[in-house]
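Participant: Predicted model and sequence follow; I will ask about them next.
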Amino acid sequence: MKSLVINCSKDYNLGTEKITAWLKRNGHQVTKSKPGNTEFVGYDKVFLSAIYTWDLPILVKEAQKAINHTKVEIGGPAASVMPDYIFTETGIKSVFGLDDRFDLEPARYLSAYTSRGCIRNCEFCSVPIVEGKLREIPDFTPASYILDANILACSKSHIEKACEKLSSLPFVDFLHGLDARLLESWQVELFLKKLQMVVWRFTFDSLRHEAELKNALRILKHYGIKPKEKMIVYCLYGFKDTPKDAYERAKQVISLGAHPYAMRFQPMDALAKDRHIPDGWDANSLIEFGEFCNKPTLAWLYSLLRQYSKFLKSSSNSVCL
Ligand code: SF4
């Protein structure tokens, strides 16, 4: 069988990596590709995936072309969020949520999940839709970038076992951030003992969580971790806030010594990125706030990550920002 796997997003797509490994193990001849430069003739099946909903128009175009030549399967997080859009545009029923055929497929990946889902249900987040309730994955394949939505919500025994599995890696980065509300001293102690932590990432999406963020910082400082050297704080903006509120959060992060990283809110069904203008904001203020936070933070983060460049160079993909 000849299969074509297309990642319709620019970022590293763990799903397409897993399906590729799974297909190969099952004897398929697999070609990986990007959208737009593909001939579909000669393939028995084409697998299409996108991480973000704003990549779905590209995915749909690929599917519409491919469907005339071969079988087409569509999956990935974006398709799980907008299955009706996919079906209307292509007539294809996409795979919803996690795919048991290959979710645990072992191979060498850049990223991994030690758990799926979340204990919370934040209005702006697609994790509860795509991944559902929190569950631990004891037999995950270790990789440096951990994509868990909320690893600190896992049981102590799971976190301990996960750290043991990750302990031999050159570095570990909890890319989606740690929930400051759940951080406890034993977790920091364990991470420091077992893992080469690149950076500590937290979230500060509302001024309501200021006390919890300060408490997380206090714990890190107790263990000698300097926010200026190691800490990044994601600040969601454009969701039920105002520029004043967003700047206040960012300035608080800076005054605490850490680095704010602005995450612009995108509606769950956005078919184009950065088009949504929320109440209280305009196009310029949205861009200005992003630049205020991210220009200095990215400069700092790049310099920090340079020490890990050997590992990053060994891959054609980057998921680190
Ligand atoms: S805590 Fe994070 S992962 Fe969980 S629902 Fe809220 S934003 Fe999503």
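Facilitator: Happy to help now that I have it. None of these values were measured; they are calculated from a predicted model.
Participant: can you pull out the strands in the stretch 151-300 of the chain?
Facilitator: 173-174, 200-203, 231-237, 259-264 (DSSP state E, counting those that start in this stretch).
Participant: Kindly state which of those strands is positioned closest to the ligand.
Facilitator: Nearest to the ligand, of all the strands of the stretch 151-300 of the chain, is strand 200-203, at 6.6 Å by Cβ to the nearest ligand atom. For the C-beta atoms, the positions are set from N, CA and C on the backbone; glycine is no exception.
Participant: My read is that L14 contacts S111, right?
Facilitator: Yes. Using Cβ atoms under 8 Å, L14 makes contact with S111 at a distance of 5.1 Å.
Participant: Could you tell me which residues touch both of the two?
Facilitator: L147 (Cβ atoms under 8 Å, 6 or more residues apart in numbering).
Participant: Reformat the strands of the stretch 151-300 of the chain as a markdown table; add mean neighbour count and distance to the ligand.
Facilitator: Formatted as a markdown table, these follow (neighbours: other Cβ atoms under 10 Å; distance: least, Cβ to the nearest ligand atom, whole Å):
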| stretch | mean neighbour count | distance to the ligand |
| --- | --- | --- |
| strand 173-174 | 22 | 12 |
| strand 200-203 | 22 | 7 |
| strand 231-237 | 22 | 8 |
| strand 259-264 | 22 | 10 |
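Participant: Model confidence for the one residue in the stretch 151-300 of the chain that gets nearest to the ligand, exactly?
Facilitator: The minimum distance from the stretch 151-300 of the chain to the ligand, using Cβ to the nearest ligand atom, falls at D179 (5.8 Å). Looking at D179, its pLDDT stands at 96.
Participant: so who does it touch?
Facilitator: D179 neighbours (Cβ under 8 Å, 6+ apart): 120, 150, 152-153, 202-203.
Participant: change it to 6 Å
Facilitator: Taking Cβ atoms under 6 Å, 6 or more residues apart in numbering, we find D179 in contact with 150, 152.
Participant: Check D55 too.
Facilitator: Contacts of D55 by Cβ under 6 Å, 6+ apart are 8-9.
Participant: Helix or strand: which one has V5?
Facilitator: Assigned by DSSP states H and E, V5 falls within strand 2-7.
Participant: and K65, which of the strands of the stretch 151-300 of the chain is closest to it?
Facilitator: Smallest distance to K65 across those (Cβ to Cβ): 31.3 Å, for strand 259-264.
Participant: can you pull out the helices in the stretch 151-300 of the chain?
Facilitator: 156-166, 185-194, 210-222, 227-230, 243-255, 283-305 (DSSP state H, counting those that start in this stretch).
Participant: where does the residue in the chain sticking out farthest from the centre land in three-state SS?
Facilitator: The C-alpha centroid of the chain is most remote from G42, which lies 33.5 Å away (Cα atoms, centre = their mean). Of the three states, G42 takes coil according to DSSP: H, G, I helix; E, B strand; the rest coil.
Participant: How about the one 5 residues further on?
Facilitator: Look at F47: counting by three-state DSSP, its state is strand.
Participant: who touches it in this structure?
Facilitator: Contacts of F47 by Cβ under 6 Å, 6+ apart are 5, 19, 73.
Participant: and of those residues, the nearest to the ligand?
Facilitator: Distances from the ligand to these, taken by Cβ to the nearest ligand atom, are shortest for I19, at 23.7 Å.
Participant: Which helix or strand contains the closest one?
Facilitator: helix 14-25.
Participant: Name the residues that touch that helix?
Facilitator: By Cβ under 6 Å, 6+ apart, helix 14-25 touches 3, 5, 7, 30, 32, 47, 49, 76, 102, 105, 107, 109, 111.
Participant: Can you list the buried residues in it?
Facilitator: Neighbour-count burial for helix 14-25 flags 14-23 (criterion: 16 or more other Cβ atoms under 10 Å).
Participant: by how many degrees do the strand holding V5 and strand 45-49 diverge?
Facilitator: 10 degrees (axes from the mean of the first three to the mean of the last three Cα atoms, to 10 degrees).
Participant: Okay, domains of the protein per the record?
Facilitator: 2-90, 111-313 (automatic domain parsing).
Participant: what's the most buried one of those domains?
Facilitator: domain 2-90 (a mean of 19; mean count of other Cβ atoms under 10 Å).
Participant: what does the average pLDDT come to for that one?
Facilitator: 96.
Participant: how close does D11 get to A216?
Facilitator: 27 Å (Cβ to Cβ, to the nearest Å).
Participant: ugh, wrong one, I meant E136
Facilitator: From E136 to A216 the distance is 22 Å (Cβ to Cβ).
Participant: This completes my enquiry, with thanks.
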